[in-house]
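**Student:** I would like to see how this sequence folds:
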Amino acid sequence: MVVETIAEGLGVVARFVVRLLSEVLIEFLCKGMGYRIWKAFKPTINPDGALVFFTGLAFWLVLFILGYQVYEFVGIDSCLDTGGHYNYSSSRCER
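**Tutor:** Numbering: from 1, shown residues only. All right, here's what the predicted structure looks like:
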């Protein structure tokens, strides 16, 4: 009986967390950014459309990829600035 009650409570918490994450990730980040992008080009865009969602998703993916590229570049640059040699095959700074 106690185990069932705990399992049910964890199920409720899990559903709440999934719902919250889906609302934040899908509605706010993807659809919100996609709507802001398309609003500049097409004032009558549907804020709940698939085009808005995929535009927002593509924006965040491109931003993530560019951020990772900048992170790698800064790591290589700081290695070279401190007098090290960056080994590209092993992705390590050798001093």
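
**Student:** spatially speaking, which residue is in the middle of the chain?
**Tutor:** residue 60 (5.7 Å; Cα atoms, centre = their mean).

**Student:** these two touch, right, it and residue 33?
**Tutor:** Yes. Contact criterion Cβ atoms under 8 Å: residue 60 and residue 33 qualify, at 6.9 Å. Bear in mind the C-beta positions are built from the backbone N, C-alpha and C, glycine included.

**Student:** Dump the C-alpha coordinates for the helix or strand of the chain with the lowest mean pLDDT into CSV.
**Tutor:** Least confident helix or strand, the chain: helix 2-22 with a mean of 83, by mean pLDDT, DSSP states H and E. Extracted in CSV, the C-alpha atoms of helix 2-22 (Å, rounded to 0.1, in the frame of the first residue of the first chain):
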residue,chain,number,x,y,z
VAL,A,2,2.8,2.5,0.9
VAL,A,3,4.8,1.5,-2.2
GLU,A,4,1.8,2.1,-4.4
THR,A,5,1.1,5.5,-2.9
ILE,A,6,4.8,6.5,-3.4
ALA,A,7,4.7,5.2,-7.0
GLU,A,8,1.5,7.2,-7.7
GLY,A,9,3.0,10.3,-6.2
LEU,A,10,6.2,9.9,-8.3
GLY,A,11,4.0,9.5,-11.4
VAL,A,12,2.2,12.7,-10.7
VAL,A,13,5.5,14.5,-10.2
ALA,A,14,6.9,13.0,-13.4
ARG,A,15,3.9,14.1,-15.4
PHE,A,16,4.1,17.6,-13.9
VAL,A,17,7.8,17.9,-14.8
VAL,A,18,7.3,16.6,-18.4
ARG,A,19,4.4,19.0,-18.9
LEU,A,20,6.4,21.9,-17.5
LEU,A,21,9.4,21.1,-19.7
SER,A,22,7.2,20.7,-22.8
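
**Student:** in it, what's buried?
**Tutor:** Of the residues in helix 2-22, none count as buried by neighbour count, 16 or more other Cβ atoms under 10 Å.
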